[in-house]
Every structure is written in structure tokens, then in C-alpha cells.
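**Student:** Below is the structure, and that's it, no one-letter string:
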């Protein structure tokens, strides 16, 4: 007698086959530990970005092989998945990882959960009112004390090491002080895109650091190109500006008169003339030179006065502070002696 296959299984395999035939990025995620209510919200948030279908591994295998794919790839994607689901998306693998990462959220640890990392409780003011909570925290190894009308953690304490198991009320007490160490969400196990398999650690990129590195590399490349005089549309404006400045400096040094150097020479000659005029007696100067020298002297004097007033202001402020401190100290002595 040939066993009858349930219609829902055929429908599931058909749906899985359609997802695989759609192409794009195929991924396997682990939904273990995600509450049903949270799962509904996560799927609705990802509805327009990817298709998600929870199915047993055997049904996935049937759809996978029916689509002409290598089952070894599916086995690799399944590695580490407790409760797997198949994902199909038109996004690339990096975008899929980023979107799934947004579903992650912390929850309170339950007895039997494993610490994903060292659980460290910082020294802090919990803001909680005095009560039984003090004894409850101390009972799980978190040193608490009432200070200033609130419960305070006395010192930094590592309550669990990575890999250790949560027992008793440890998770509940940590949650009360804002520590929810168990991360839940749609955890990506791996993706398959254009025949290339990507692991989560490959897709986990710090985009801010990546952007900073790109800017740094671009700046370094531009600097190198300019130093070796590599002519491109980006470097030519900088190289021309540098060459123009060097040409002007050379022309000034060689006393070559051009429309660009002439204003510099005239300014230099004017300063020299004013220097000579300043060394002569007043009887040897005409009215125009006398006025020019007077204006230059006034400008120099104003600049000197402004600089000296700027320097004196901090000193005056310091003197005032010292006087205030002295007065305050005398007040203190007077109060001691009545």
C-alpha cells in the first residue's frame, strides 16, 4: 500500500520550489527562540523585501533537488540552524544580512539559557526605591546597598562568564537593572547568491568604518598621484595651481616683470621707500610722505595697544580671582572664631 502524502506537504514543496525558481539571493535563517507574536511583526516588516517560509528540512531538500541544486549547499546553509526557514530576496547578500540584523532585540535570560558573552554589572545607581530588591540582588551575587534613598550597585561585578548557564532568578534580576543579554531575532545562517555561498561573518561589515577607510584610501591615492605628477582630470587642477605658485615665486626671485609680478614689486618698492623715509629727518620730507608715515605709525601703535590689552585681560582676571579667593579664606577664618 502506497502511503498517501498530505496535501499541505505538496503545497509547501511547491511554494519552496517557486521561491528557488525566482532566483536572487537564497538564504537560510534560524528563528529559534523568537516568540510567535514577535515573528509576525518581523515578517510584516520584511514583507516587501524578502519572502520567508518555515518548513522542515526534508521538504526543503525535495524542493532543492527538484530545482536542480546541489544539496551540499543547502547542508552548509543549515549548519547551526535549530529551527530553520528559507528566505528568497532580490536584495544582495549584504543587504539581506543588514535587514535581518535590524530584527535583533535583547530579552531577559531564562533558566537554562547560555550566556552569549561575559555578563558584567557596572557600578551604578539603579534608581530603584529601597525594598526587598536589595536582598534579591545580593542573593544572585550582585552587591547592592541602599545609599541616598535608592539602591546602588557597589562595584563592577562579572556575574557569568561566556558559555555559562543562567540559573534561578539571575536573568530576572539582571532584567530589573536593565540588562537583557539574550538576543533574539531572525539569525542568518548563510546565503547563496549567483552560486557563491556567504557566511554571516563575511557579511557583517562596519559600514561607518568602511566609509572612513574608503575616504582615507582616496585621499592617500590623490596625494600620491599629485606627488608623482600623475595627470588625471582630478589631479590636473591641483598640479596647475602648484605649478602656478612655483612659477610666480621663481619670477619674483629672478625679478622678471610680468602683469602678475608687477604688483609685488611695486609693493616691495613702496615698503623700501617708506623705510628710507622713516630714517630721514622731518625737514627732508614733503607733506605727502609725512602723512603716510603718520598713518603707518598710528596703525602700528593701535595694533600694539590691542595686543597688549588682550594680554593684560587674563592677568587682571587672575588677580580678581586671587582677591576673591583671599576674601573667601578670611571669611572662613572669621566664621570659625565667631
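**Tutor:** Received it, and whenever you're ready, just let me know what you need. Model, not experiment: these values are computed from the prediction.

**Student:** from here on, contacts and neighbour counts on C-alpha atoms
**Tutor:** OK.

**Student:** just checking, what packs against the helix or strand harbouring residue 209?
**Tutor:** Using DSSP states H and E, residue 209 falls within helix 207-227. If you count contacts as 3 or more Cα pairs under 8 Å, 6 or more residues apart in numbering; DSSP states H and E, helix 207-227 packs onto no helix or strand.

**Student:** Enumerate the positions of that helix that are buried.
**Tutor:** Neighbour-count burial for helix 207-227 flags 225-226 (criterion: 16 or more other Cα atoms under 10 Å).

**Student:** for it, the distance to its chain's centre please.
**Tutor:** The chain centroid and the centroid of helix 207-227 are separated by 18 Å under Cα atoms, centre = their mean, to the nearest Å.

**Student:** Which residues does it contact?
**Tutor:** Applying Cα atoms under 8 Å, 6 or more residues apart in numbering, the set of residues contacting helix 207-227 from outside is 231, 235, 238-239.

**Student:** Buried only: go through these for me.
**Tutor:** Buried among those (16+ other Cα under 10 Å): 235, 239.

**Student:** Residue 137 is in contact with residue 143, correct?
**Tutor:** Yes. Between residue 143 and residue 137 a contact is recorded at 6.8 Å, counting by Cα atoms under 8 Å.

**Student:** okay, now the domains of the chain?
**Tutor:** The chain is divided into the following domains under automatic domain parsing: 7-104+185-205, 119-179, 277-336.

**Student:** got those as JSON lines, with mean neighbour count, mean pLDDT and distance to residue 246 columns?
**Tutor:** Formatted as JSON lines, those follow (neighbours: other Cα atoms under 10 Å; pLDDT from 0 to 100; distance: least, Cα to Cα, whole Å):
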{"stretch": "domain 7-104+185-205", "mean neighbour count": "17", "mean pLDDT": "87", "distance to residue 246": "45"}
{"stretch": "domain 119-179", "mean neighbour count": "16", "mean pLDDT": "90", "distance to residue 246": "60"}
{"stretch": "domain 277-336", "mean neighbour count": "11", "mean pLDDT": "60", "distance to residue 246": "32"}
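
**Student:** now these as a markdown table including distance to residue 226?
**Tutor:** What follows is the domains of the chain, written out as a markdown table (distance: least, Cα to Cα, whole Å):
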| stretch | distance to residue 226 |
| --- | --- |
| domain 7-104+185-205 | 31 |
| domain 119-179 | 51 |
| domain 277-336 | 40 |
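
**Student:** To residue 269, which of those lies closest?
**Tutor:** Nearest of the domains of the chain to residue 269, taken as Cα to Cα: domain 277-336 at 12.2 Å.

**Student:** Against residue 186, how distant is residue 46?
**Tutor:** Going from residue 46 to residue 186 by Cα to Cα, to the nearest Å gives 11 Å.

**Student:** And the strands in the stretch 101-250 of the chain, which stretches?
**Tutor:** For the stretch 101-250 of the chain, applying DSSP state E, counting those that start in this stretch gives strands covering 105-107, 119-121, 124-125, 144-147, 150-153, 157-160, 182-184, 187-193, 196-198.

**Student:** closest to residue 96 out of the ones you listed?
**Tutor:** strand 187-193 (8.6 Å).

**Student:** Give the pairing partners of that closest one; include direction for each.
**Tutor:** Strand 187-193 pairs in its sheet with strand 25-30 (antiparallel), strand 196-198 (antiparallel), by DSSP bridges.

**Student:** With distance to residue 167 as added columns, please give the strands of the stretch 101-250 of the chain in a markdown table.
**Tutor:** As requested, these are exported to a markdown table (distance: least, Cα to Cα, whole Å):
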| stretch | distance to residue 167 |
| --- | --- |
| strand 105-107 | 16 |
| strand 119-121 | 13 |
| strand 124-125 | 24 |
| strand 144-147 | 19 |
| strand 150-153 | 21 |
| strand 157-160 | 10 |
| strand 182-184 | 14 |
| strand 187-193 | 25 |
| strand 196-198 | 36 |
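
**Student:** Ok, which of those strands comes nearest residue 17?
**Tutor:** Across the strands of the stretch 101-250 of the chain, residue 17 has its closest neighbour in strand 187-193 (15.3 Å, Cα to Cα).
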